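J.: have a look; sequence and predicted model below, questions after that.
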Amino acid sequence: MRVLFPIILFSLFFLHASHKLYAQNNDGKKVRADLVRILDRNIRWPMALADKKISAVFSLRINLSESDSIIKIEVSKFFPKEMAPYLTNPNIYKGINWQAIFGKKVKEEHSLIIPFVAYNPMENNATFYEYTVEDLFVYPGEDKNFVNAVIMQTYPLKYRPGLK
């Protein structure tokens with residue numbers, strides 16, 4: 001009986017811990033899928049850029065507070081000005097559980113960086129301008145060398161120029 005009790009106790013603990021971990025992982029997947037749906041609904045490549053067959057790489061940084069709310073949203077150097085009002089509106093991200101995305105408690109000044117690539121999949125030769133890491137991941141007014149951030153997998157934005 002002395003040997004059986006610790007085994008039962010360990011088994012119950014293991015089942016509880018694994019169930020909790022499974023629930024957190026599923027919640028994280030659901031939240032990430034919700035964030036992608038928000039991006040799908042709100043991102044549109046400007047027709048003027050599509051007609052010029054411009055391809056681009058840029059990023060968005062969502063700065064968070066310890067209370068799991070958005071402090072500010074910043075765009076990188078080559079972020080299309082026409083898209084900024086839609087994706088920098090904190091209201092579109094309401095209901096996102098940032099803690100589930102990070103997999104831990106969000107602390108002051110944690111950030112989620114979303115890199116984007118925009119291109120026309122029908123083009124054989126997409127032209128991308130030369131970018132540096134600074135162009136993609138240094139934001140206006142940045143004065144820090146290090147930030148606590150999670151970088152999301154690149155969000156591909158495929159477009160087709162308008163028909164004339």
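T.: Arrived safely, thanks for sending.

J.: quick check, Ala100 in a helix?
T.: Yes: per DSSP: H, G, I helix; E, B strand; the rest coil, Ala100 lies within a helix segment.

J.: who are the contact partners of it?
T.: Listed by C-beta atoms under 8 Å, 6 or more residues apart in numbering, the contact partners of Ala100 are Gln24, Asp27, Gly28, Lys30, Val31. Where C-beta positions appear, they are placed from N, C-alpha and C, glycine not excepted.

J.: now list the buried members of these.
T.: Gly28, Val31 (16 or more other C-beta atoms under 10 Å).

J.: a markdown table for the contacts of Ala100, including pLDDT and distance to Tyr159?
T.: Formatted as a markdown table, those follow (pLDDT from 0 to 100; distance: C-beta to C-beta, whole Å):
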| residue | pLDDT | distance to Tyr159 |
| --- | --- | --- |
| Gln24 | 44 | 36 |
| Asp27 | 73 | 32 |
| Gly28 | 72 | 30 |
| Lys30 | 89 | 28 |
| Val31 | 88 | 27 |
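
J.: list the buried residues of the helix or strand containing Tyr86.
T.: Using DSSP states H and E, Tyr86 sits in helix 84-87. Buried positions in helix 84-87, judged by neighbour count with 16+ other C-beta under 10 Å: Leu87.
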